[in-house]
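S.K.: Build me a model from this:
(chains A and B)
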Amino acid sequence: MSMPLLSLILWLPLLGGVFILFIDREQKKAIRTVALLHSLAALGLSLGLWLGYDRTAGGFQFVERADWIPAAGISYFLAVDGISLPLIVLTALLTFVAVVASWNIEHRVKDYFALLLLLGTAMFGVFMALDLILFYVFFELVLVPMYFLIGVWGGPRREYAAIKFFLYTLLGSVIMLVGILALYFGTGARTFDVLALMEMAPGAFAFQAQRWIFLALWFGFAVKVPVFPFHTWLPDAHVEAPTAVSVILAGVLLKMGTYGFLRFTHPLLPEAAIWFAPTLAVLGVIGMIYGALTAMWQRDLKKLVAYSSISHMGFMLLGIAALTPQGVNGAIFYMVAHGLATGMLFLLVGVVYERTHTRDIPAMRGFYFTMPVWAVIMAFTGFASLGLPGLAPFIGEFFTLLGAYLTGDPFFQLMVYIGVLTIVLAAGYILWMIQRMLMGEEMEEFKGIPDADARELVTLVPPAALIVLLGVWPRLLVDITNPAVMEFIRRVLG
Amino acid sequence: MTEHAWLIVVLPLVSWLLISAFGRRLKNEGDWLGVVTIGVTLVLSLVVLWEVAGGAATRVSVPWLVMGDWQLDMGYLIDPLAAVMLVVVTAISFLVHVYSMGYMHGDARYRRYFATLSFFTFSMLGLVVADNLILLFFFFELVGLASYLLIGHWYENLGPRLASLKAFIVTRIGDLAFLVGLAVLVLATGTTGIPELRELVEHHQVPATVLTLAAILVFGGAVGKSAQFPLHVWLPDAMEGPTPVSALIHAATMVAAGVYLVARSFFLFEPSATALSVVAVIGGITALLGATIGVLQTDMKRVMAYSTVSQLGYMMMALGVGSLVAGMFHLWTHAFFKALLFLAAGSVMHAMHTMEMHSMGGLYRKMPVTAWATIIGGLALAGVWPLAGFYSKEEILNAAFYSGVSGAGFAFWAGVISALLTAFYMTRAVILVFFGRPRDRHRYEHAHESPPVMTVPLAILMVLAVTAGWVNAPISHHWFGKLLGEAEVHLAPIVTVLAVGATLLGVAAGYAIYALRLVDRRAVINALRPVYTLVRNKYYFDELYNATVLRGSLRLAEWAAWFDQRVIDWLVNAVGYVAVKLSEAAGKFDLSVVDGLVNGAAAVTVGAGRRLRTIQTGFVQTYILTFFAALVVGLVVFQLWRL
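M.R.: I've put the predicted structure just below:
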């Protein structure tokens, strides 16, 4: 067997975390450096993965397979395809960004970075695992560091937010576990191998059973996305979480939900997926409109971004529900684009909050004068977020809507006619924010606060560059996702 | 040159990037870079037009995306329509660039201004050469962004801030329709390539209903960008931007984009009588709407702005009655005289620091070049022979007169009445600003003619405002029309008589009221009080939209935020509360019955919220250590298992 690249990427952050545990807690610089090096190495390796993936062949590559608990049919089974590969690279990038963005953390540095790195491994595992139990372990493992990162290093209401996040998502995953076990016993295959289950599960269940199992699995992922009306943990978690954790939360954790639809619920239970498609589309459109409207009313900048996430995730839900090449490709594209753009927005909020100690939009004015570099990047990211052509999120928005329309189904077309209004609402809340915060005359009380520094630019420039690159030349991503999307659609629609 | 036409688009892009990045270190903050670049693109565009007139054409496209087996190609398409538009855009943009060197001199954000001008030009040129409606949509939105940035150039002030916001959002409402129109086209034909679509339509491969729907939706985009009724409200407010920007927006870029879009996708409209009628009627309404409001504006720039709304209505009307040539011809002539009028207004602004016409008067003596610029621009706009506007207006009215499209009759009379009103308000503006006695002595004393960097562009535009119409006149054997593929022009004498009569009547009325004062202005206003109030308040469109759309969305937003907090989140918390209470009960049971046995195990169960709280405040370190230890042990066990 050649070099187990996936395992390397997967365990590298954890290795860093273990390493950190052996460093004296006062050696803050050493701790940070170890974290940085490990995240950087994982990023480098994931780029190698990107380049090494044979896009003409498609399918699952870099397969690693070993028995884990053979008696129960559980195996250590890792592989990537065109759906997971972009998310792995995104995870690697945002983990690196998160480490750099956390440089100023002074409280319990050792614990913080150990947890952050553990989180990295857990996230990689989610996107790599092709064994349901292995996947479930990583899916749960994500919660633990996340809980502590919010609960210890968060804002004033951190305990409430952390517990709410933990319990809510745990509830989702417990129900999901029931679904997984149902699959395991129901197919009679006694294996948790996802690929094997994909072959067997569709024929193994009566339609009624399919729908129940689908709902069980779906709920676990829906809480993560989050799908309206299971979303209220998100604004609280975001508002209380430290900057870097917000970046990871919005950038990667939410995608675990939509990834779950693409990898598990739909291919495993295709008939139910088709049956539920209109419902999912409706929930997507409600999320789009409702998230945008709620975002418009927020005074807290971080809450605004959090609700805009709910709106954007609705697009992905709609695109996936459409089950057309444009819709699903668009959704995956949007997952990456949203990770970059919203990740940047949270970084930017963190930058300004660190200096002004407020996130109250009406309390800020004239930041084009106060912090020109920061303000220009903020405006750039705002325009990316509202779907300006030439920037990556637009591609996601456009193709999820187009994909939904191309179903040719009048109901889906109606959803497009309604959902498209989100684009105006998005322009509304973003431009209104820019108009209030960035424009106007400079405020005396914030005069002289320093602009974004070099370290902060290191976190902001790479995602910004990718947003432009992907927006102008989307083939970079779509050429990788398209074969996997076609395979996905083939499995679901038969 | 034609096959290298991409250069015309890329050069301003480079200029934008260079000025943004290095402008600070360049002489004069890099303004010359923008001027030279646009100058070069103007020359290149003229070469392209020359070659295209000789029969050259080109199309280059590359696969931009493959989704499923659906491939989306994008590239550029140079045909007569694009070539003409390239010249309009680069010519106006070049003159605006030069003029801005004087007008914006000393501005705090001079560099940003010139960089954004380059970006604006880039977006518009990209839109012009796009060979695919999706690509055109991209640039359509980028043009919106550029306008937003320039209208809001003086963003420390509230006016520009709100105006830029309004421009972006209102035009984006139109873009929504355009976007859905693209989806309709892709579903029905599988392509959005302009030549491919044209071929499919010409071979009757597209069902008529689809075509009508797609055409009307695409027209929605044009309604937003070209400030057609009912989305015209953003354009007058866009006055808050620097005046040269207004010239650019009103003449060659932003608002021209909508007209160009309809011209570009005209093959979608042509077979659909319904779509054409919609365009004609909306155009007619807009022409009347703009002209009537323009009559009662007292701000010089706002008069021009409503005049643009009205003239854009003319262009749409021309397209709606089925004449691509008449619409594009009016876009062409209008670009020159409207740019002239705006730059002249800018010159007045530069001298007087106000746009209120009732504070002006007698400026002819102080600013002869500016005065002549306004007079010539006004005559061209009013359609006086042999100036540019005469030819294009006559062509439009004739097209409407002969058209069989339903609604063409309305469009024709709307055009005639608007012609009268146009002549009237231009006469009024010229007299109020440049003649009579000065009404504000102080400002008048300080007024002066603008520097040559501003007056030379005015002089050039004056020549063009006179001559631009001749390209589609008997003298040139209707070169312009033939280039764009019009077979023959019908001119009815009755139309000419009506058009000229309306213009003369308008000028005479204006002269009688404002110069000779034969009729007292106030008497007329009093006689028509209800109408006056309605029109003076711009038919209350802003008030209507504020009360319905704007207030409505904010109310909805407020309601959604309330619902989120008070209903959904309340439910979540209620469930959580019940769970905690249950777990407390269970915990007491545990303590008394099973004692501490369960303590460790309970840590990660659903009901253990309270316990988690105690752990995270005190024992994180222990917890992490335990966790990692467990994980390492697990890994070791796993490895051993495999052996």
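S.K.: in a strand, that's where B:Thr422 is, yeah?
M.R.: No: under DSSP: H, G, I helix; E, B strand; the rest coil, B:Thr422 falls outside any strand and is assigned helix.
S.K.: so who does it touch?
M.R.: Neighbour list for B:Thr422: B:291, B:294, B:307, B:310-311, B:381-383, B:503, B:506 [criterion: C-beta atoms under 8 Å, 6 or more residues apart in numbering or on different chains]. The C-beta positions use only the backbone N, C-alpha and C, and glycine is treated the same way.
S.K.: where do the helices sit along the stretch 301-450 of chain A?
M.R.: With DSSP state H, counting those that start in this stretch, the ranges of helices along the stretch 301-450 of chain A come out as A:301-322, A:325-356, A:367-370, A:372-385, A:392-405, A:410-419, A:421-437.
S.K.: how about these, which one is nearest B:Phe401?
M.R.: Nearest to B:Phe401, of all the helices of the stretch 301-450 of chain A, is helix A:410-419, at 38.0 Å by C-beta to C-beta.
S.K.: What are the buried residues along the closest one?
M.R.: A:412-413, A:415-416, A:419 (16 or more other C-beta atoms under 10 Å in any protein chain shown).
S.K.: and the helices of the stretch 301-450 of chain A as TSV, adding mean pLDDT?
M.R.: TSV is the format used below for those (pLDDT from 0 to 100):
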stretch	mean pLDDT
helix A:301-322	95
helix A:325-356	95
helix A:367-370	92
helix A:372-385	95
helix A:392-405	96
helix A:410-419	95
helix A:421-437	94
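S.K.: can you tell which of those helices is closest to B:Tyr76?
M.R.: For B:Tyr76, the closest of these is helix A:392-405, at 20.3 Å, according to C-beta to C-beta.
S.K.: Next, format the helices of the stretch 301-450 of chain A as JSON lines and append distance to chain B.
M.R.: As requested, these are exported to JSON lines (distance: least, C-beta to the nearest C-beta, whole Å):
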{"stretch": "helix A:301-322", "distance to chain B": "8"}
{"stretch": "helix A:325-356", "distance to chain B": "3"}
{"stretch": "helix A:367-370", "distance to chain B": "6"}
{"stretch": "helix A:372-385", "distance to chain B": "7"}
{"stretch": "helix A:392-405", "distance to chain B": "4"}
{"stretch": "helix A:410-419", "distance to chain B": "7"}
{"stretch": "helix A:421-437", "distance to chain B": "5"}
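S.K.: where in chain B is pLDDT low?
M.R.: B:487-488, B:587, B:590-643 (pLDDT under 70).
S.K.: In it, what residue comes closest to chain A?
M.R.: Chain B approaches chain A most closely through B:Gly68 (2.8 Å), counting by C-beta to the nearest C-beta.
S.K.: distance of that residue from A:Val492?
M.R.: Applying C-beta to C-beta, to the nearest Å, the value for B:Gly68 to A:Val492 is 14 Å.
S.K.: who's more crowded, those two?
M.R.: A:Val492 (22 against 16; other C-beta atoms under 10 Å in any protein chain shown).
S.K.: What strand or helix carries the more buried one?
M.R.: helix A:475-493 (DSSP states H and E).
S.K.: in that helix, what's buried?
M.R.: Across helix A:475-493, burial judged by 16+ other C-beta under 10 Å covers A:477-478, A:480-489, A:491-492.
S.K.: Sketch out the low-pLDDT regions of chain A for me.
M.R.: In chain A the weaker segments, taking pLDDT under 70 as the threshold, are A:1-2.
S.K.: try 50 this time
M.R.: A:1 (pLDDT under 50).
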